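**Student:** starting from these lines, generate the structure:
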Amino acid sequence: MKKTLALLMCAALPAIAAAAQPDVEPLKLNPQNKLYCNEQTDWCVGIKLDGGFEDNGPFASSRTLRADYRIWDLPDIPNFSHFTVWPHLIRLSEERALVGVIGPAAPDYKQEIQFSGGSFSRKDLYLFMVDLDQKVSGLVHLMPFSAQASIRSCFNEADQQRREANCMDQYRYDAVLKAVAGGQSYPDLQVITQATRAPAGASRYADSSKLPAPTAAQSQPQADKQCSYTVTYKWKEDGSVYRPATPVPDCAEFLEAQPPKKG
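**Tutor:** The predicted model follows:
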């Protein structure tokens, strides 16, 4: 029976005895086995696409442990071909690590959403703890990784003249995840985001077609202060997941295809 994201995030995971010091290793595509491996190729992560639905999906392998394990279940994802391996491994011990995949966001798992007046795409990072010795795993962190929205701001000839043919507003969101020293059994995770909009003053909560043409400086991507931030996530034993140490701002304008109207 397939597990839901909620069940995965609540699954009990084995505790690590000593306080973890983050040991982050880059993963690169290995031309021999076509997997993403660390430098010494003792850990590799890949996504199987050639089996039946039940056999497809992400997996991890260890040469030193001689283990190959489909390390997690995800919800009913129709096509794993749109997923890629997160090119990092956060090693916890010889047999345990945090690994991830990047792919379209739930619940639709669509690469791009087209709608009247624009388009939207978003990818999330699904981060998992995997223990190849005990053959257990679980989703421990899910976060927006990147998002882009293009919104049409001209709907007639008058709009085009007023905007001097600057008829698309662009919104972009990107995140970087780093492992930092934590005081618990797992390292802390630091997420750094950068959100921009172009032109300056554009808003998905307002009618941009009524604005005058942007200047050359205004046309350049402008950082959004609220959604460009740094936040630390800490391990919570009671749920076997990471949770933010401080509140995360509302960034629906950048992260949702149809952000709800404010007020």
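**Student:** what's around the closest residue to Pro259 other than its chain neighbours, how many residues?
**Tutor:** Sequence neighbours aside, Ala252 is the residue nearest to Pro259 in space, at 4.0 Å (criterion: Cβ to Cβ, 6 or more residues apart in numbering). To be clear about C-beta, it is placed using only N, CA and C from the backbone, and glycine gets the same treatment. Neighbourhood size, Ala252 [other Cβ atoms under 10 Å]: 15.
**Student:** and Lys262, by the same measure?
**Tutor:** Lys262 is flanked by 9 other residues according to other Cβ under 10 Å.
**Student:** now Val140
**Tutor:** Using other Cβ under 10 Å, Val140 has 25 other residues around it.
**Student:** tell me the secondary structure for it?
**Tutor:** Secondary structure assignment for Val140 (DSSP: H, G, I helix; E, B strand; the rest coil): strand.
**Student:** ok, it - contacts?
**Tutor:** Shown in contact with Val140 (Cβ atoms under 8 Å, 6 or more residues apart in numbering): 9, 13, 98, 127-129, 186, 235, 240-242.
**Student:** where along the stretch 101-250 of the chain do the strands fall?
**Tutor:** For the stretch 101-250 of the chain, the strands defined by DSSP state E, counting those that start in this stretch occupy 113-115, 118-131, 136-152, 168-180, 188-198, 222-223, 230-236, 241-244.
**Student:** for Tyr36, which of those is the nearest?
**Tutor:** Comparing these by their distance to Tyr36 (Cβ to Cβ), the top pick is strand 118-131, with 13.8 Å.
**Student:** list the neighbouring strands of the closest one plus their orientation.
**Tutor:** strand 96-104 (antiparallel), strand 113-115 (antiparallel), strand 136-152 (antiparallel) (DSSP bridges).
**Student:** tilt between it and strand 188-198?
**Tutor:** 170 degrees (axes from the mean of the first three to the mean of the last three Cα atoms, to 10 degrees).
**Student:** so which bits of strand 118-131 are buried?
**Tutor:** Neighbour-count burial for strand 118-131, counted by 16 or more other Cβ atoms under 10 Å, picks out 118, 120-131.
**Student:** I'd like to know the beta-bridge partner residues of the residue nearest to Ile151 when sequence neighbours are not counted.
**Tutor:** Spatial nearest neighbour of Ile151, excluding adjacent residues (Cβ to Cβ, 6+ apart): Gly118 at 4.1 Å. For Gly118, the beta-bridge assignment (DSSP bridges) gives partners Phe115, Ile151.
**Student:** swap in Arg197?
**Tutor:** Legend: beta-bridge partners of Arg197 under DSSP bridges are Tyr171, Gln222.
**Student:** how near is it to Lys48?
**Tutor:** Applying Cβ to Cβ, to the nearest Å, the value for Arg197 to Lys48 is 39 Å.
**Student:** okay, those two: which has more neighbours?
**Tutor:** Neighbours around Arg197 and Lys48, counted as other Cβ under 10 Å, are more numerous at Arg197. The numbers are 23 against 12.
**Student:** tell me who's in contact with Asp23.
**Tutor:** For Asp23, the contacting residues are 90-92, 179, by Cβ under 8 Å, 6+ apart.
**Student:** any idea how far the residue of the chain positioned farthest from its centre is from Ile113?
**Tutor:** In the chain, the residue that sits farthest from the middle, by Cα atoms, centre = their mean, is Ala158; the gap is 39.6 Å. Distance, Ala158 to Ile113, using Cβ to Cβ: 28 Å.
**Student:** got it, and Ala206?
**Tutor:** Going from Ala206 to Ile113 by Cβ to Cβ gives 21 Å.
**Student:** surely Pro58 meets Val85?
**Tutor:** Yes. Contact criterion Cβ atoms under 8 Å: Pro58 and Val85 qualify, at 7.5 Å.
**Student:** as a markdown table, the strands paired with strand 118-131 with distance to Gln40 and mean pLDDT would be great.
**Tutor:** As requested, the strands paired with strand 118-131 are arranged in a markdown table below (distance: least, Cβ to Cβ, whole Å; pLDDT from 0 to 100):
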| stretch | distance to Gln40 | mean pLDDT |
| --- | --- | --- |
| strand 96-104 | 13 | 93 |
| strand 113-115 | 41 | 89 |
| strand 136-152 | 22 | 93 |
